[in-house]
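A.B. asks: Fold the following for me, if possible:
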Amino acid sequence: MKLKASVLTKPGGREKNEDYAAYYERRGCACFLVADGLGGHRGGELASKTACESALEAFQNRPGVSVDHLNSYLKHASRAMSALRSKTGLEDSLKTTLVILVTDKKSAIWAHIGDSRLYYFNSGRLAFQTKDHSLPQRLVEIGEITFDQIRFHEDRNRLISVFEGEDVSRFTLLDEPVLINEGDAFLLCSDGFWDYVYETEMEYHLQRSRTPAGWISRLEDKLLERAEGNYDNYTALAVINR
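C.D. replies: Here you go, the predicted structure:
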């Protein structure tokens, strides 16, 4: 089996893109990351880039698919973020979401913080998606709103946890890697992407796309049909295990 991946990241209706995406393959393992620097903070763009690149650096030095490996990548990113906070003096402005996936084509493990999401598709069907660290997600859990209402909730952008570089305990990690099969797929994306693209559409276009690039392109078309005005940066990283 061979992993195929494609990245899309654009500023949307904004002047600056504070999203960041990256991936790297080494020794039979691959690491994929998407981050969304918090809008309104001067360090958003710097935070998303630093979080991704430092975690990827740790992966390159010690590739592997385990809880221990994943924790080590996040801790390395945390140290890099903390050093950057001290160096720049942006102690209160370096904040970002982060979602990270590591796989060896046989198993996969992931973690996330904030409202950037990972979707996992098995046999073309959505099998798992991360839960946002946000106020609307909390309202879903206590039964005040439905999951579908998250996209349109007035507090959609109120995050409960973000990555600031001090502590990785607020990340949600899998307890252990999951087995994956040929044809399985992943979509990592910022909220500016999933805000306008529905899960049923992700499934539908995955089943009709031969490549990750084609899949993302079809989904971007849906996004652009709906987005207007000063809409958010959007980023998607698609991975298919062929």
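A.B. asks: For C31, which non-adjacent residue is spatially closest?
C.D. replies: Distance criterion C-beta to C-beta, 6 or more residues apart in numbering; nearest residue to C31, sequence neighbours excluded, is F59 at 4.1 Å. Where C-beta positions appear, they are placed from N, C-alpha and C, glycine not excepted.
A.B. asks: does the one you found belong to a helix or a strand, and which?
C.D. replies: Using DSSP states H and E, F59 sits in helix 44-61.
A.B. asks: re the thing from before, thought the residue nearest to C31 was touching A77?
C.D. replies: No - F59 is beyond contact range of A77, at 10.2 Å (criterion: C-beta atoms under 8 Å).
A.B. asks: Which neighbours do those two have in common?
C.D. replies: Listed contacts common to F59 and A77 are nil; contacts here mean C-beta atoms under 8 Å, 6 or more residues apart in numbering.
A.B. asks: first to last residue in stretch 10-23, what's the distance?
C.D. replies: With C-alpha to C-alpha, to the nearest Å as the measure, stretch 10-23 spans 17 Å from end to end.
A.B. asks: For that stretch, give the mean pLDDT please.
C.D. replies: Stretch 10-23 shows a mean pLDDT of 96.
A.B. asks: Counting neighbours, which bits of that stretch end up buried?
C.D. replies: Residues 10, 12, 14, 17-23 are the ones in stretch 10-23 that count as buried (16 or more other C-beta atoms under 10 Å).
A.B. asks: before we move on, back to that, need the contact list for the residue nearest to C31.
C.D. replies: The contact partners of F59, by C-beta under 8 Å, 6+ apart, come to 24, 26, 29, 31, 69, 73, 102.
A.B. asks: From A30, how far out is it?
C.D. replies: For F59, the distance to A30 (C-beta to C-beta, to the nearest Å) stands at 9 Å.
A.B. asks: shared neighbours, those two?
C.D. replies: 24, 102.
A.B. asks: Just the closest of the buried residues of stretch 10-23 to R218, please.
C.D. replies: K10 (15.5 Å; C-beta to C-beta).
A.B. asks: Nice, that's everything, thank you.
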